[in-house]
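J.: would you be able to build a 3D model of this:
(one chain, ligands or ions: 1)
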Amino acid sequence: MEVEFMLDSSEDKKRATENILRQTREASRVDVHKEEDHLWSLASGKLCEQIKKDGKNLGKGILKVNSFINHRVDVGLVDLCGHALADCFKNRDVTLILTAQTSGVLPAQACARYLERPMIFAREKKPITISESYQSQSRSHTRRMDVSLFVAKEFMGPSDRVLIVDDFLASGTTAVALLDIVRQAGATCLGFGFLVEKEFEKGRELLIKALKEGKEDDEKGREEEIRIVCLANVVALDGEEGGEIRLGGGKKS
Ligand SMILES: O=P(O)(O)OC[C@H]1O[C@H](OP(=O)(O)OP(=O)(O)O)[C@H](O)[C@@H]1O
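T.: From the prediction side, this is the model:
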């Protein structure tokens, strides 16, 4: 009301209202970003802290985190991380979260819960309940074996907008195999979210190369801007067993 007394014309009133609306919009935008950053920093900070405290360098590039991520599980931490990953993609109209059996399931499930979308995990064996499937190949370094990944055709198709989530990005073969499955389905890949990246294994480079190659073949222009985010980055695992774990913060590019 006070404003009304001070305004001479309806033009002034219109300008004043627009001004207030703009300021309100800007204020709420700032708050949303602050909230996102807070969640990201909290999840990334807690995960890095836990890796420093309980992660073990087993030598030969292997990081053991099976006391809180991929055997015994700190469900609160994984849930927080899944939430932070979901937050990065919340405005992208994700329809499906895809991961690979086994250790990717927990972070992918947490992420899917916050995005309120289904999660599907690529299986390493095709049960009789799956008739037609997409199939791709990857290699497990921890189990030293080639792995086949299967996803039932009935659960992924051209209208899907897929976020790929896993606990680790290491050499990148699993992420590339999952991307291959998304492409076989004719679906759109929106990005990748990982708990931990092992930067020294150069999986991100392999993934970027696969994304670029796909773009050249992407006649329909289905692939949009693709983000690759990780909450913790292992820069190096020094020496043999017990060596230092050199840790960088997450990457939210
Ligand atoms: O980038 P990459 O070199 O492909 O490595 C990442 C993959 O390795 C781990 O799986 P692993 O094969 O150890 O099996 P698990 O999921 O059964 O633990 C992890 O869960 C990722 O899926």
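J.: show me which residues of the stretch 101-250 of the chain sit near the ligand.
T.: 102-104, 138, 140-143, 166-175, 203 (Cβ under 6 Å from any ligand atom). From N, CA and C alone the C-beta is placed, and that goes for glycine too.
J.: these in strands, which ones?
T.: With DSSP state E as the criterion, strands contain Ser138, Ser140, Asp166, Asp167, Phe168, Leu169 from among these.
J.: the fifth one reaches Ser103, doesn't it?
T.: Yes - judged on Cβ atoms under 8 Å, Phe168 makes contact with Ser103 at a distance of 7.3 Å.
J.: and the ones in strands among the residues of the stretch 101-250 of the chain next to the ligand, which of them are buried?
T.: Burial by neighbour count, judged by 16 or more other Cβ atoms under 10 Å, picks out Ser138, Asp166, Asp167, Phe168, Leu169 from those.
J.: nearest to Ala86, of those?
T.: Here the nearest of these to Ala86, counting by Cβ to Cβ, is Asp166; it sits at 14.3 Å.
J.: which residues does Ser136 contact?
T.: For Ser136, the contacting residues are Ala122, Ser148, Leu149, Ala177, Leu178, Asp180, Ile181, Gln184, by Cβ atoms under 8 Å, 6 or more residues apart in numbering.
J.: would a markdown table of those residues with neighbour count be doable?
T.: As requested, these are exported to a markdown table (neighbours: other Cβ atoms under 10 Å):
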| residue | neighbour count |
| --- | --- |
| Ala122 | 25 |
| Ser148 | 15 |
| Leu149 | 23 |
| Ala177 | 20 |
| Leu178 | 27 |
| Asp180 | 18 |
| Ile181 | 24 |
| Gln184 | 15 |
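J.: so what's Lys251 bridging to?
T.: Bridge pairing for Lys251 (DSSP bridges) gives the partners Cys230.
J.: and it, how many neighbours?
T.: For Lys251, the number of neighbouring residues by other Cβ atoms under 10 Å comes to 18.
J.: with Ser67 instead?
T.: Counted with other Cβ under 10 Å, Ser67 comes out at 15.
J.: same question for Glu244.
T.: If you count neighbours by other Cβ under 10 Å, Glu244 ends up with 10.
J.: how about it, nearest residue that isn't a chain neighbour?
T.: Counting by Cβ to Cβ, 6 or more residues apart in numbering, Asp238 is the residue found nearest to Glu244 once chain neighbours are left out, at 4.3 Å.
J.: does the one you found really touch Leu247, like I thought?
T.: No - judged on Cβ under 8 Å, Asp238 makes no contact with Leu247 at a distance of 11.5 Å.
J.: tell me which of those two has more neighbours.
T.: Each of Asp238 and Leu247 had its neighbours counted (other Cβ under 10 Å), and the higher figure belongs to Leu247 (19 against 12).
J.: contacts only, for that one.
T.: Contacts for Leu247 were tallied using Cβ under 8 Å, 6+ apart; they are Cys48, Ile51, Lys52, Ala232, Asn233, Val234, Val235.
J.: now do Tyr134
T.: With contacts defined as Cβ under 8 Å, 6+ apart, Tyr134 is in contact with Phe150, Val151, Lys153, Met156, Ile181, Gln184, Ala185.
J.: now render these as JSON lines, adding secondary structure and pLDDT.
T.: As requested, the contacts of Tyr134 are arranged in JSON lines below (DSSP: H, G, I helix; E, B strand; the rest coil; pLDDT from 0 to 100):
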{"residue": "Phe150", "secondary structure": "strand", "pLDDT": "98"}
{"residue": "Val151", "secondary structure": "strand", "pLDDT": "98"}
{"residue": "Lys153", "secondary structure": "helix", "pLDDT": "98"}
{"residue": "Met156", "secondary structure": "coil", "pLDDT": "98"}
{"residue": "Ile181", "secondary structure": "helix", "pLDDT": "98"}
{"residue": "Gln184", "secondary structure": "helix", "pLDDT": "97"}
{"residue": "Ala185", "secondary structure": "coil", "pLDDT": "98"}
